[in-house]
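**Q** Give me coordinates for this.
(2 chains)
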Number of protein chains: 2
Amino acid sequence: MTGEYSVLGKRVKRNDAVARVTGEAIYAEDIYLPGMLYGAILRSPHAHARILNIDTQKAERLHGVKSVITARNGVHPSASSVLAGEEVLYAGQKIAAVAAVDKYIARRAANLIEVEYEILPAVFDTIEAMKADAPVVQASRHPTRNNICSFSRKEHGDIEQGFRQADIIVENQFDIGMAHQSYLEPHACVVDMDSSGKLTVWTTTQGQFGVRTGLARFFNMPLNQVRVIGTEIGGGFGGKTGLILEPIAAMFAMATGSPIKLVMSRQEEFVDARPGPGCVVNIRTGATKDGKLVAQQVESFFDTGVSAGAPVGFFDRTRGLYRIPNFEVDIYSVYTNKIVPGAYRAPGALEITFAFESQMDIMANELGMDPIDFRLLNAVDEGDLTVDGKPYPPIALKESLKQAKAYISSLGKKSGIGIACGKWMNAVGTSSVLMSLHEDGSLNVISGAINLTGVNTSLAQMAAEELGLPLESVRVLTLDTDAAPPAAVSGGSRTTYGMGLAIRQAAADLRRQLIEFATGFLNIEAEQLELAEGYVCSTKGERIHVAELAQRAMQSNRGPLTARGSASDPSWLTNSHIFITQVAEVTVDAETGRLDIQKISSFQDVGFAINPMSVEGQIQGGIAQGLGWGIMERLIFHDGIVLNDNILDYKIPTALDVPELAPVIIEVPSVDGPYGLKGVGEPSMVVTPAVLANAIYNAVGVRIKKTPLSQDNILMGLSKNPKNGLSRNT
Amino acid sequence: MTGEYSVLGKRVKRNDAVARVTGEAIYAEDIYLPGMLYGAILRSPHAHARILNIDTQKAERLHGVKSVITARNGVHPSASSVLAGEEVLYAGQKIAAVAAVDKYIARRAANLIEVEYEILPAVFDTIEAMKADAPVVQASRHPTRNNICSFSRKEHGDIEQGFRQADIIVENQFDIGMAHQSYLEPHACVVDMDSSGKLTVWTTTQGQFGVRTGLARFFNMPLNQVRVIGTEIGGGFGGKTGLILEPIAAMFAMATGSPIKLVMSRQEEFVDARPGPGCVVNIRTGATKDGKLVAQQVESFFDTGVSAGAPVGFFDRTRGLYRIPNFEVDIYSVYTNKIVPGAYRAPGALEITFAFESQMDIMANELGMDPIDFRLLNAVDEGDLTVDGKPYPPIALKESLKQAKAYISSLGKKSGIGIACGKWMNAVGTSSVLMSLHEDGSLNVISGAINLTGVNTSLAQMAAEELGLPLESVRVLTLDTDAAPPAAVSGGSRTTYGMGLAIRQAAADLRRQLIEFATGFLNIEAEQLELAEGYVCSTKGERIHVAELAQRAMQSNRGPLTARGSASDPSWLTNSHIFITQVAEVTVDAETGRLDIQKISSFQDVGFAINPMSVEGQIQGGIAQGLGWGIMERLIFHDGIVLNDNILDYKIPTALDVPELAPVIIEVPSVDGPYGLKGVGEPSMVVTPAVLANAIYNAVGVRIKKTPLSQDNILMGLSKNPKNGLSRNT
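**A** The predicted structure follows:
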């Protein structure tokens, strides 16, 4: 595939690397404005309580305090939308905010605010919450029957008849915990308001236009009265996609006339950000004795905290790996008195895949089949129907299974090996770029998409390829919402895909203009001209360099050469079906339960790797986060309070915890993506907890159905398990 | 004219007014970066000297000094292009520059640099400089014959025969001094370099893309490796159109790795900026006794200092008011050991108009004719030839003379009234804009043109008009060279004109897209749709709002609505001929020579006034500066050293010096400008010294041929003049 391209498909260093490692990059917390105030937030220590009184007098009297906002004190009419006024619904919920001349005074003042609470009964577990006598989570807001926030059912065939055809039926419950994205940089923002009332917002976000829209709606302002500057971002992984601190900061900017900075501590991140939700999954699967899946019934319960937030809408992106003629899938999100979760890299997919692919392993075992052969037998392929009922285009599930099988064969060992498959899709999302060709032939591409995952490097490759320019003469600039045309969040594995479509359109626009303008110098009709290697060339060999055209355009009535390109999608759904098979190689110490992961290989369809180095980095990063969620991470709540609300107790993988990660790139071109590429940001993460659970089972016969797959959980399994010891020293 | 428009032609407040008067606007000197250094420059105290030695040791040893650059010390290879190394050519020329941790240390260190000079002979006057035995200004560089820098001749008909037809011949010499633009904000810049070698430059400039091109060429860098942020500008008037401090600041940024700020003091402004050049004009004119002009011979000598800079190329834009069948015009620029001049608001035009229109007044007097009737008799009109030999489109010279005549008649007095006419054109210049229509129907227009003279307000009016949007939903943003497409300097009265053409193009692009996209919803062909009052409407009455279209585009495969428009011109010449007649009403105290100006009226063709309030402000501002140059200002050199190098000794008009200024708008549409508009930034300034000279003559019979028309010069004239006292108490 790469043969036809001169820039695409090459391993290119990320152009933001040096600035990031030298500390030159400017993050939101690095912004200092003259006269800037600092904010602090008072949060509820109770999971559910009525607020009887808030006394801010002591705080207001503290020297250096400029403003205190509560839902009740009238400093800003919109305060009650973001600060609790009558009822507190989760521990960590915002009660009041203080602006002061430095952050220490602000914090001290927040602590001086006195709140009287009347404690109310609360519930923290989805299954408990659905019971008839459970406390109502949203008492003062909009109580729902059994605390169910949302419910939907997908079904096909006849589930009863399906199970009647089954020779074996396996039923299990899986439980995946809530996990924090643990980006390096906590939420932070600075907001300033000018004399025209226009807000300027520096913030760490995956989508600056979403922040703009959110703030404009919050304050009922026109969109061009809000300027959002998405600063350099220290990771997001889905956790930086909406408003968090910005409305409060903006209210202070309006109330005081001063710029203000708000930064969340790591502790605040754990109690009031938007972690991955976690899910309990009941799954019942039937197969014939020769291994054909015939029926599957699923009930999934996403923990959505105190308000709709759990990404249940993405559920279906995870399914559709196997031909199952009869199924019934129930998807619930359930209120609990906890933080509202959000998206975490392939939202919901890791949770569901952990259940589905553990279940597949259990069934293969019951059937006495090789887990790969079992999957190959049932795997979907081109022409099979997706969960939406459309035929699949060419896909890579079988290919990835075959490559995994060949790899396992080459290892010459049978124990401690897990396999699991996964699926994800990518979005397009609102995408748009502007281009400006300079009179020396250098090109600026203006994007409004936050530069995560090295995307700007890949986009530069595309622009260079399309226009026949050397890569080093192309700069892709992520500019703020005033300067750049709208772009959706850098998330949903959409950015390279969607922005790539926009780049191709803009390049086509520019190419058309260059050729049209060149006709005047080459005296040849546009149809006989093409763009190659930086020249507009005729079939007869005449040519003119684009730099010269840019210069002449500037000096003629024609004017500067600028171009535009846009793409979007109505549904956030594309026809890109990304399949992965992962293989994990582990050993488990049967006496101590200690897990040692030697290697995780990911046989992954990427459609086409624009920059293989960047693609491999993404795959590796995803596996590492999947590994963390699988074996180490879970937010632990006690009476609704996060116990492990710090980076010492909430353990994430360090370099020492991450084994060799081997990304194996498969390229089955997407039917609608630019150059056939598919998203790579999210998919690799989806499979890892399942593949590790299956490897642990393969090593020591212990099936763990609840994350994390930690040493104590393994040891507990070992103590109960007859297979204990079988695979020692494999 | 305004009847057909809903937004254009209305009096609209400038949208940058509040930010400017409250101090909120950020000027280059307001930029502070962490670790920023401060620069200071050592300048030559001699007008012409050989540099024998530069000793920087003491400066370098001063605590806090980070770098010293001279043309010789090798700190940066390009230093010799901007710092004198062998020969100093004018007093104030840069010898060395220092970067230090604060500006006081930098200044002290600069003063510690020891330079040994060998004084060379110098010349400071153009007429002296052309003499055979005059010192050579550019000894070590490129000496030219008689210190003449450039010469060109324009001729028509037969000058000898023309003068033979004349009944009277008048010959005079006029002398207009060098004058500083006296913008409120001196030159200032901050330069930073990032780890990729990219320069970011905050600077006060009329043209940020010119600074970008200049720096890229200076350092041989690609254009997209230089980002120029034109900060809020405290006036330019032609004096902020190229590189001044930026190369030195950039060399320090490269040498030290730190950001650096360089700011010129007011004294430095007077000795080393780019003032209006001044000119000596010999003019000989012949007419028949009935007042017909038959011949004119002109020799003009622009003082161009030590290098080509005087704007002689604009000479012809000033001529062409009268039918003169035979003429010969010689245009010289002459080297002197002085600062290199540049453009000052209608460059060269004020100087020449002072000579031409004083001469016309003298001739009317000699002929015993009313000065307006004399001009009307000879004035050009539609179909007459321009100095380029093309027929004039409809023009307003006669109309402005007639309105002036009617006005003077209405006054009922005859003494102390001056009239003079003038002409100017406007450029188009490189112009380009980008537009982004938001999903709430608000619109951003991105411009790279510096927002001077309220131009962004006028451009917003145009965009609103074109798209049927309310004015308050349009924001025109001047963004930096990374974000905005190229735009020429905001100068040459081009900005509203050229950027207006680009706006119309971008609006047409957006309109076409909106209509095309709307066809899908209205099921009507594009030909039957039009844009009106914010809706795409069909002839049958169906309609859809642009906000809804923008929203739907964003959510469909179509993607965000962006648009682009570009315009330029090859020659900086348009077919816009702007004519003005001014009337000044003055009294002169015949004993003291004190001039009291009651009122200056300007009957001025503006083509079409987009924002009459802004147009009037421009006209008034121009007259005020013309008045300053006419009656108060001249840089006084002694041995090449500026004596009045401060704002106390170099007097510019205060509010107390400026009389009632009455702009009278005439609208003869330009044939190629957007909405028929013509430039208004420069023209009004052109006429004012001449009209004041003519008014003084009319008041007390004193003809002053050398600026400034100051009290002492008037008094000197009064003492010699037989008419002295005639017009007292008029």
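
**Q** and stretch A:80-90, how far from the chain's centre?
**A** 28 Å (CA atoms, centre = their mean, to the nearest Å).

**Q** buried sites along it?
**A** Across stretch A:80-90, burial judged by 16 or more other CB atoms under 10 Å in any protein chain shown covers A:Val82, A:Leu83, A:Ala84, A:Gly85, A:Glu87, A:Val88, A:Leu89, A:Tyr90. For every residue, glycine as well, the C-beta is placed using N, CA and C.

**Q** Give the full set of residues in contact with the residue minimising distance to the centre of chain A.
**A** For chain A, the residue nearest the mean C-alpha position is A:Arg345 (2.9 Å; CA atoms, centre = their mean). Listed by CB atoms under 8 Å, 6 or more residues apart in numbering or on different chains, the contact set of A:Arg345 reads A:Gln181, A:Phe237, A:Gly238, A:Gly276, A:Gly622, A:Gln625, A:Gly681, A:Glu682, A:Met685.

**Q** so the last one is in which element?
**A** Going back to what we said before, that points to A:Met685. helix A:683-700 (DSSP states H and E).

**Q** Packing partners of that helix?
**A** Packing partners of helix A:683-700 (3 or more CB pairs under 8 Å, 6 or more residues apart in numbering or on different chains; DSSP states H and E): helix A:349-367, strand A:417-425, strand A:577-588, strand A:595-605, helix A:612-631, helix A:711-720.

**Q** what comes into contact with the helix or strand hosting A:Glu116?
**A** Following DSSP H and E, one finds A:Glu116 within strand A:114-119. Applying CB under 8 Å, 6+ apart, the contact partners of strand A:114-119 are A:42, A:44, A:46, A:48-55, A:58, A:88, A:95-96.

**Q** can you rerun that using 6 Å?
**A** A:His46, A:Ala49, A:Arg50, A:Leu52, A:Asn53, A:Ile54, A:Asp55, A:Ile95 (CB atoms under 6 Å, 6 or more residues apart in numbering or on different chains).

**Q** mind listing which of those are in strands?
**A** A:Ala49, A:Arg50, A:Leu52, A:Asn53, A:Ile54, A:Asp55, A:Ile95 (DSSP state E).

**Q** These, buried ones only, as a PyMOL selection?
**A** Applying 16+ other CB under 10 Å to the ones in strands among the contacts of strand A:114-119, the buried members can be selected in PyMOL as follows:
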select buried, chain A and resi 49+54+95
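
**Q** tell me which of the ones in strands among the contacts of strand A:114-119 is nearest to chain B?
**A** For the ones in strands among the contacts of strand A:114-119, the minimum distance to chain B (CB to the nearest CB) is 32.4 Å, reached by A:Ile95.

**Q** just checking, that closest one touches A:Leu42?
**A** Yes. If you go by CB atoms under 6 Å, A:Ile95 and A:Leu42 touch, sitting 4.9 Å apart.

**Q** And the next helix or strand past the helix or strand harbouring A:Cys149?
**A** Here A:Cys149 sits within strand A:148-156, counting by DSSP H and E. Using DSSP H and E, the helix or strand that follows strand A:148-156 in sequence is helix A:159-165.

**Q** which of the residues in that following helix are buried?
**A** Buried-residue list, helix A:159-165, by 16+ other CB under 10 Å: A:Ile159, A:Gly162, A:Phe163.

**Q** quick one: contacts for the last one?
**A** Residues near A:Phe163 by CB under 6 Å, 6+ apart: A:Gly286, A:Ala295.

**Q** Tell me how far it lies from chain B.
**A** Between A:Phe163 and chain B the distance is 41 Å, computed by CB to the nearest CB, to the nearest Å.

**Q** Please apply the same query to A:Ala532.
**A** As judged by CB to the nearest CB, A:Ala532 and chain B stand 21 Å apart.

**Q** one step back: got the contact list for the helix holding A:Met685?
**A** In contact with helix A:683-700 (CB under 6 Å, 6+ apart) are residues A:345-346, A:349-350, A:353-354, A:357-358, A:361, A:415-418, A:420, A:422, A:424, A:578, A:580, A:582, A:584, A:586, A:588, A:590, A:602, A:619, A:622-623, A:625-627, A:629-630, A:702-704, A:709, A:727.

**Q** Find out how far it is from the centre of the chain, if you would.
**A** Put simply, helix A:683-700 sits 20 Å off its chain's centre (CA atoms, centre = their mean).

**Q** Between strand A:417-425 and it, find me the angle.
**A** 160 degrees (axes from the mean of the first three to the mean of the last three CA atoms, to 10 degrees).

**Q** For A:Val445, which non-adjacent residue is spatially closest?
**A** A:Val476 (4.5 Å; CB to CB, 6 or more residues apart in numbering or on different chains).

**Q** same thing with A:Ile105?
**A** A:Gly64 (4.1 Å).

**Q** next one: phi and psi at A:Ala379?
**A** Taking degrees, to the nearest 10, you get phi -60, psi 140 for the backbone angles of A:Ala379.

**Q** Based on its surroundings, how many neighbours for it?
**A** Per other CB atoms under 10 Å in any protein chain shown, the neighbour tally for A:Ala379 reads 21.

**Q** Okay, the residue nearest to it when sequence neighbours are not counted and chain B: tell me how far apart.
**A** Among residues not flanking A:Ala379 along the chain, A:Leu397 sits closest, at 4.8 Å (CB to CB, 6+ apart). As judged by CB to the nearest CB, A:Leu397 and chain B stand 27 Å apart.

**Q** Just give me the neighbour total for A:Leu397.
**A** Neighbours around A:Leu397, by other CB under 10 Å: 28.

**Q** Isn't it up against A:Glu382?
**A** No. Applying CB under 6 Å, one finds A:Leu397 not in contact with A:Glu382, separated by 10.0 Å.

**Q** Give the intersection of the neighbour lists for those two.
**A** Common neighbours of A:Leu397 and A:Glu382 (CB under 6 Å, 6+ apart) do not exist.

**Q** these two touch, right, A:Cys537 and A:Val546?
**A** No. Taking contacts as CB under 6 Å, A:Cys537 lies outside contact range of A:Val546: 10.9 Å.

**Q** These two - which one has more neighbours?
**A** A:Val546 (28 against 21).

**Q** per-residue pLDDT, the more buried one?
**A** Model confidence at A:Val546, given as pLDDT, is 96.

**Q** Identify the residues contacting it.
**A** A:Val546 neighbours (CB under 6 Å, 6+ apart): A:Gly441, A:Leu514, A:Gly534.

**Q** Next, the distance between the ends of stretch A:651-670.
**A** 37 Å (CA to CA, to the nearest Å).

**Q** who touches it?
**A** Stretch A:651-670 is contacted from outside by A:1, A:182, A:394, A:396, A:399-400, A:576, A:597-603, A:605-609, A:616, A:619-620, A:623-624, A:627-628, A:632, A:676, A:678, using CB under 6 Å, 6+ apart.

**Q** ok, now stretch A:367-375?
**A** A:Gly291, A:Asp361, A:Ala364, A:Leu401, A:Lys405, A:Ile419, A:Cys421.

**Q** top of those by neighbour count?
**A** Within these, neighbour counts (other CB under 10 Å) peak at A:Ile419, which reaches 29 neighbours.

**Q** so how far is chain B from the residue nearest to the centre of chain A?
**A** Distance from A:Arg345 to chain B, by CB to the nearest CB: 24 Å.

**Q** roughly how far apart are that residue and A:Phe608?
**A** Distance check for A:Arg345 against A:Phe608: by CB to CB, to the nearest Å, it reads 22 Å.

**Q** got it, and A:Leu367?
**A** For A:Leu367, the distance to A:Phe608 equals 37 Å [CB to CB].

**Q** just A:Ile233 next, same as before
**A** Distance of A:Ile233 to A:Phe608, computed by CB to CB: 26 Å.

**Q** so what's the backbone phi/psi at the residue of the stretch 1-150 of chain A at minimum distance from chain B?
**A** Proximity to chain B, evaluated over the stretch 1-150 of chain A using CB to the nearest CB, is greatest for A:Val18 at 4.5 Å. A:Val18 adopts backbone torsions of phi -60, psi -50, taken as degrees, to the nearest 10.

**Q** shouldn't it be in contact with B:Asp194?
**A** No. The pair formed by A:Val18 and B:Asp194 falls short of the contact definition of CB under 6 Å, at 8.6 Å.
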